[in-house]
Structures are given as C-alpha cells and as structure tokens.
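K.L.:
fold the following and give me the result.
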Amino acid sequence: MHTQPRIPTRGERHTQKIVGAVALPDGKFVYRHQQDYFNTSTHIAFLEEVFLPVFYRRGHRVFLIEDNASYHTHPDAQAWYASQQRRLVVYPLPKYSPEFNAVERIWNYTRKEATHNRYFATVAALCENLFSAFGDIQQHPHKILGYLEPYL
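P.N.:
Modelled structure (predicted):
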C-alpha cells in the first residue's frame with residue numbers, strides 16, 4: 001500500500017524570485033535570483049546583464065518569447081525593446097497561456113528535481129538546492145531537452 005509522504009514544514013512560504021530564459025533547441029539556460037519583486041527595471045536589467053550577453057551574437061537577432069506579465073508590457077519595457085531592435089525581437093504569448101512558455105517547463109523540472117517533497121530548514125538551504133539544480137541544467141542541458149520537445 002502506498003502512503004503519502006509526510007514532509008515537515010515550518011508553516012512559512014519561502015518563495016524565491018527567479019527569472020530565467022531557455023534557448024530552443026539546445027537547452028541553454030540562464031537565470032537571475034533577486035531579492036526584489038519583478039518590475040520593468042529588474043526585467044530590463046536581466047535582459048541587459050544576463051540574457052543578451054549569453055544569447056546575442058553580432059549580426060544576429062535574438063528572438064524572445066515572453067508572457068504578458070505587466071512588466072513585459074509596460075511602456076518603459078516597450079521603449080527599451082524598440083531601442084534594442086537590431087539585437088532583439090520580442091514575441092508576446094497570448095494571455096493566460098503558460099503552456100506555451102518553454103521556461104515554465106524548466107520551473108516544473110526544478111520543482112521535481114530540487115524542491116518537491118523536500119524540507120528546507122532555512123531559505124539558504126532552499127536557495128542552495130535551487131542553484132545547484134540550475135547549475136546542473138546549465139552544465140547538462142541534455143537533461144531538459146525532453147521537456148522542451150513540444151516547442152521544437
């Protein structure tokens with residue numbers, strides 16, 4: 001007989017603020033962990049400091065598919081996208097369609113591999129496990145390619 005596992009809890013949520021992007025079809029993955037909630041400024045900073053340095057190659061545009069989070073559609077973000085049009089083309093997903101967002105598959109994989117049914121006594125322990133899982137994805141992108149197949 002199968003019984004549901006009992007996982008201790010402290011009764012607190014330790015939600016972490018992580019933004020990420022994954023490349024199709026090779027599974028290259030980048031992310032940023034931040035203390036603040038996401039807003040237009042933090043989104044643009046992620047794109048400038050993490051996303052474009054990894055994915056942009058001179059003379060080629062990067063195609064960014066993103067959801068309709070308010071900080072993606074904010075006029076300041078739209079103005080920044082327009083200023084980057086030689087390097088970046090943005091395609092918004094339809095509203096309320098997380099099934100079309102490839103990075104959601106990475107978050108599901110991470111939950112399964114790093115956080116689901118696990119107890120973390122501290123936020124630091126949770127973050128250590130998350131960052132270890134992300135590092136493993138970065139070192140071994142083949143582990144997530146199956147999750148990305150629907151988008152290829």
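
K.L.:
can you pull out the strands in this protein?
P.N.:
17-22, 29-34, 62-66, 88-92 (DSSP state E).

K.L.:
return the most buried member of those strands.
P.N.:
Ranked by mean neighbour count, those are led by strand 17-22 with a mean of 18 (mean count of other CB atoms under 10 Å). Heads up, the C-betas are built off the backbone N, CA and C, glycines and all.

K.L.:
returning to that earlier point: as CSV, the strands of the chain with mean pLDDT and distance to residue 152 would be great.
P.N.:
What follows is the strands of the chain, written out as CSV (pLDDT from 0 to 100; distance: least, CB to CB, whole Å):
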stretch, mean pLDDT, distance to residue 152
strand 17-22, 96, 12
strand 29-34, 96, 16
strand 62-66, 96, 13
strand 88-92, 96, 16
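
K.L.:
of all the ones you listed, which one is nearest residue 76?
P.N.:
strand 88-92 (13.7 Å; CB to CB).

K.L.:
quick check: angle from the closest one to strand 62-66?
P.N.:
20 degrees (axes from the mean of the first three to the mean of the last three CA atoms, to 10 degrees).

K.L.:
hmm, who's touching strand 88-92?
P.N.:
Defining contact as CB atoms under 8 Å, 6 or more residues apart in numbering, one finds that strand 88-92 is touched by 47, 52, 56, 61-68, 72-73, 81.

K.L.:
ok, so of those residues, who is nearest residue 101?
P.N.:
Of all those, residue 67 has the smallest distance to residue 101: 5.5 Å, by CB to CB.

K.L.:
is it true that residue 98 touches residue 104?
P.N.:
Yes: between residue 98 and residue 104 there is a contact at 5.0 Å, judged by CB atoms under 8 Å.

K.L.:
so between the two, which is more surrounded?
P.N.:
More crowded of residue 98 and residue 104, by other CB atoms under 10 Å: residue 104, with 15 against 11.

K.L.:
so that one sits right up against residue 93, yeah?
P.N.:
No: counting by CB under 8 Å, residue 104 sits too far from residue 93 to count as a contact (10.3 Å).

K.L.:
sweet, I'm off.
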